[in-house]
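[1] A structural model of the following input is requested.
(2 chains)
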Amino acid sequence: MSLIEVENITKIFGPRPQEAMARYKEGLSKEELLAETGHTLGLADVSLSIEKGEIFVVMGLSGSGKSTLIRHFNRLIDPTAGRILVDGTDVLKMSQRELQAFRRSTMSMVFQRFGLMPHRTVLENVGYGLAVRGLRKKDRLEKAMHWVEMVGLKGYENQYPTQLSGGMQQRVGLARALATDAEILLMDEAFSALDPLIRSQMQDQLIELQSELGKTIVFITHDLDEALRIGDHIAILKDGRLSQVGTPPEILLNPADDYVAAFVRDVNRARILTVDVVMQPPKARLTGENMARALEEMRRLGERYGYVVDDKRYRGVATEERLAAAVKSAGDGSLYDYAEPGPTLTADAVLETALPTTLESDYPVPVVGEDGELVGVVSSRQMSSVLAPPKRNDGDDQKLAS
Amino acid sequence: MEDYLFLGERVGSAIRNATNTFVRFLVTNYGDAFEAFSNALLRPLVWLEGVLRDSPAIVIIIAVGLLAYLASRRIGLAVAMAVALWFVGTLGLWTQAMQTIAIMIVAVVLSVIIGIPVGVLTAKSDRSRAIINPILDLMQTIPSFVYLIPAVMLFGLGKIPAVLATVIYATPPLIRLTDLGIRQVDREVVEASRAFGASRWQMLTGVQIPLAMPSIMQGINQTMMMALAMVVIASMIGARGVGQTVLLGLQRNDAGQGLVGGIAIVVLAIIFDRISQSAGSRAQKHRHLAQ
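    Numbering: from 1, shown residues only, chains lettered A, B, ... in the order given. I've put the predicted structure just below:
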């Protein structure tokens, strides 16, 4: 069971959403619905599962419904139809009191324009969630101070938000959200209002905090690069409909429709995709010390290169030619001593850094796991096949523009 | 012909008769209740007036100077306000000024007690705003004498109808400015407080009212000024004070006396305005930090 389950959420904005909902079920499109009933379709039949401890990115252009979607999670907006389960509890069935308790303890939020209270100091802002919860002033400020330090704002705690730069203000927003110890963090275009440099710093800080604290983060952005950089899973929304949900490589390599394809076309894949996406099992995996047996095995497979493995540990590469020569002259010896260590890669390296190694190597480069085990090999040919952008479809550009 | 067009001109007399009947009905049946209400209001008013009049003038002058200093933290302003009040004394209107201040303070306190909650209500619900807005227009445009006549019948001549007339006239700007201030609070800040689980009361007291404070303070300031503008009219129904001096000048064709009373009113207005303005801007010190 996932931490957050969103089941068939539909949201229609307007004075009589239920009536419009009935019409929409009859098959009216978003435009027809607006023209005939004056109601706006915000979200259409969106279903998602968000796992505990992941960074889940909801991505889409403005007006795609992403901010509307995230506001359903803590019920700042109520859906017209559908169900939302958080940790197995139906959020929509909560009473006002339960909802308040839920917002205070389980889910906190970071806003695009920070949403800080200008009449409170940084420290009081960070402690706001705790104040709402009724924590005593001393405990509250102590805890708030801890989080002020965590986001690197020590020394600024008695300033007012207007005295800080945008990046610092958003750190206050982040600290305020973290201070409540909520398990789930909703981030609504949290970094969109920041300068590019500050933004990537904040992304790094977020990833760092996430690995330290293990929060579940739902992150909204209109920036695909940002989504690919920080997301474990990405959901792409268009006009209130879900286009695709997947991991960054899945989105890049198998775009579900033309819309997504047009989106990902200009992405620098080498910087996003990692070695494990293109990695393949080695053709000739040589185990045991016996050189003659190894040579036989390679000939049988018709491979010129073999990867020597000693009880799963990778030892090096053996070429057929040299192995044959060695067997002829020396007769017997240990294959382990004979294998050339050569260059290796790790599975989580991005292709941008792995590419030079594969280009310089005559054979597919072995990929080695954490304990030195051989997990696969990568050739420059496999790499270039995924780095080439997908074929351009006519009409993509129009779709993006519309 | 005109008779037909204007329905025999009977509407006016109908309203007149109905109103008179209603007021007479109130007087005969609820006279005691009105008197009780009147006394309840009169007690703090008389007490306050007594305090202001019985204290040595120098104490009041120093107190006003101190108040101005607390509100502004500026010595210059404090001294200027003390001197201004002393000047009213030199005009020979000290007692009258104290009477006017007492009525004004009670009226402003009542206006705040009524105005801020009503302003909050209209800010929270468009429907109540649609109902209350025209009532406010009415309160501000209808000549005071129109409601002074029944007020005098119900409460008798004197201070109480004066206070009520002042409240009716001076509350609308506070209601409007409270409403405006709360509606203008940044929506994302309000949403943030909601997202952190604040109750309606926590949102109101912790976010909306503090952030609407500049506007609310402006409203209180306006209320004070309008209350002072009412003092002459209030004196016509027997409330003593500076207004009475102006009224006497009018009755005796004594332009000089009228001017002296007028100057006293203006000086009092300046004192109240400066003190309340600087209190308002000091409460908003975070706003000036960014510059």
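[2] any low-confidence regions in the stretch 301-402 of chain A?
    For the stretch 301-402 of chain A, the stretches flagged by pLDDT under 70 are A:330-333, A:389-402.
[3] just the helices in it please.
    Ranges of helices in the stretch 301-402 of chain A, per DSSP state H, counting those that start in this stretch, are A:320-330, A:335-338, A:351-360, A:380-387, A:396-401.
[4] how about the ones you listed, which one is nearest chain B?
    Minimum separation from chain B across the helices of the stretch 301-402 of chain A (C-beta to the nearest C-beta) falls at helix A:396-401, 28.7 Å. C-beta coordinates here come from the backbone N, C-alpha and C atoms, glycine included.
[5] quick check: residues of chain A near chain B?
    Contacts of chain A with chain B, taken as C-beta under 8 Å from any C-beta of the partner chain, map to A:74, A:76, A:99-105, A:108-109, A:111-119, A:128-129, A:131-133, A:160, A:162-163, A:176, A:180, A:186.
[6] so what's A:Gly316 up against?
    Going by C-beta atoms under 8 Å, 6 or more residues apart in numbering or on different chains, A:Gly316 touches A:Tyr307, A:Val308, A:Ala339, A:Glu340, A:Pro341, A:Gly342.
[7] residues contacting the last one?
    Under the criterion of C-beta under 8 Å, 6+ apart, the contact list for A:Gly342 reads A:Gly316, A:Val317, A:Ser361, A:Pro366.
[8] next one: the first one
    Shown here is A:Tyr307, whose contacts under the criterion C-beta under 8 Å, 6+ apart are A:Pro282, A:Ala284, A:Arg285, A:Leu286, A:Tyr314, A:Gly316, A:Val317, A:Ala318, A:Pro366, A:Leu374, A:Val377.
[9] helices and strands around the lengthiest helix in chain A, which ones?
    In chain A, with assignment by DSSP state H, the single longest helix is helix A:196-213. If you count contacts as 3 or more C-beta pairs under 8 Å, 6 or more residues apart in numbering or on different chains; DSSP states H and E, helix A:196-213 packs onto strand A:55-59, helix A:166-179, helix A:224-230.
[10] ok, the helix or strand following it: who's next to it in the sheet?
    Helices and strands here follow DSSP states H and E; after helix A:196-213, the next one along the chain is strand A:216-221. Sheet pairing of strand A:216-221 (DSSP bridges) gives strand A:55-59 (parallel), strand A:184-188 (parallel).
[11] so the last one versus helix A:196-213, what angle?
    Read that as strand A:184-188. Interaxial angle of strand A:184-188 relative to helix A:196-213 (axes from the mean of the first three to the mean of the last three C-alpha atoms, to 10 degrees): 170 degrees.
[12] which ones are touching the residue in the stretch 201-350 of chain A positioned nearest to chain B?
    The nearest approach of the stretch 201-350 of chain A to chain B comes at A:Val218, 12.8 Å away (C-beta to the nearest C-beta). Contacts of A:Val218 were listed using C-beta under 8 Å, 6+ apart, and they are A:Ile4, A:Ile50, A:Phe56, A:Val58, A:Ile70, A:Phe73, A:Ile184, A:Leu185, A:Leu186, A:Met187.
[13] can you list the helices and strands packed on helix A:196-213 in TSV and add mean pLDDT and mean neighbour count?
    What follows is the helices and strands packed on helix A:196-213, written out as TSV (pLDDT from 0 to 100; neighbours: other C-beta atoms under 10 Å in any protein chain shown):
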stretch	mean pLDDT	mean neighbour count
strand A:55-59	93	25
helix A:166-179	91	24
helix A:224-230	88	21
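[14] quick revisit: can you lay out the strands paired with strand A:216-221 as JSON lines showing distance to A:Met202?
    Supplementary listing: the strands paired with strand A:216-221 in JSON lines, determined by distance: least, C-beta to C-beta, whole Å:
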{"stretch": "strand A:55-59", "distance to A:Met202": "13"}
{"stretch": "strand A:184-188", "distance to A:Met202": "10"}
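[15] was I right to think A:Pro79 contacts A:Ile9?
    Yes - counting by C-beta atoms under 8 Å, A:Pro79 touches A:Ile9, with 4.8 Å between them.
[16] re earlier: show me what counts as buried in the longest helix of chain A.
    For helix A:196-213, the buried set under the neighbour-count rule, 16 or more other C-beta atoms under 10 Å in any protein chain shown, comprises A:Ile198, A:Arg199, A:Gln201, A:Met202, A:Gln203, A:Leu206, A:Leu209, A:Gln210.
[17] now, which of these sits nearest B:Leu228?
    Ranked by distance to B:Leu228 (C-beta to C-beta), the buried residues of helix A:196-213 are led by A:Ile198 at 52.4 Å.
[18] residue contacts, that closest one?
    For A:Ile198, the contact set (C-beta under 8 Å, 6+ apart) comprises A:Ser165, A:Gly166, A:Gly167.
[19] which residue does the stretch 1-150 of chain B have closest to chain A?
    Closest point on the stretch 1-150 of chain B to chain A, by C-beta to the nearest C-beta, is B:Asp126, at 12.9 Å.
[20] the helix or strand containing B:Val266 near chain A at all?
    Using DSSP H and E, B:Val266 sits in helix B:255-282. No - Helix B:255-282 lies out of reach of chain A by C-beta under 8 Å from any C-beta, never closer than 12.9 Å.
[21] list the helices and strands that helix packs on?
    Right, helix B:255-282 is packed against helix B:57-72, helix B:75-90, helix B:94-124, helix B:209-229, helix B:242-251 by 3+ C-beta pairs under 8 Å, 6+ apart.
[22] how does it look with 10 Å?
    Under the contact definition 3 or more C-beta pairs under 10 Å, 6 or more residues apart in numbering or on different chains; DSSP states H and E, helix B:255-282 sits against helix B:57-72, helix B:75-90, helix B:94-124, helix B:209-229, helix B:231-236, helix B:242-251.
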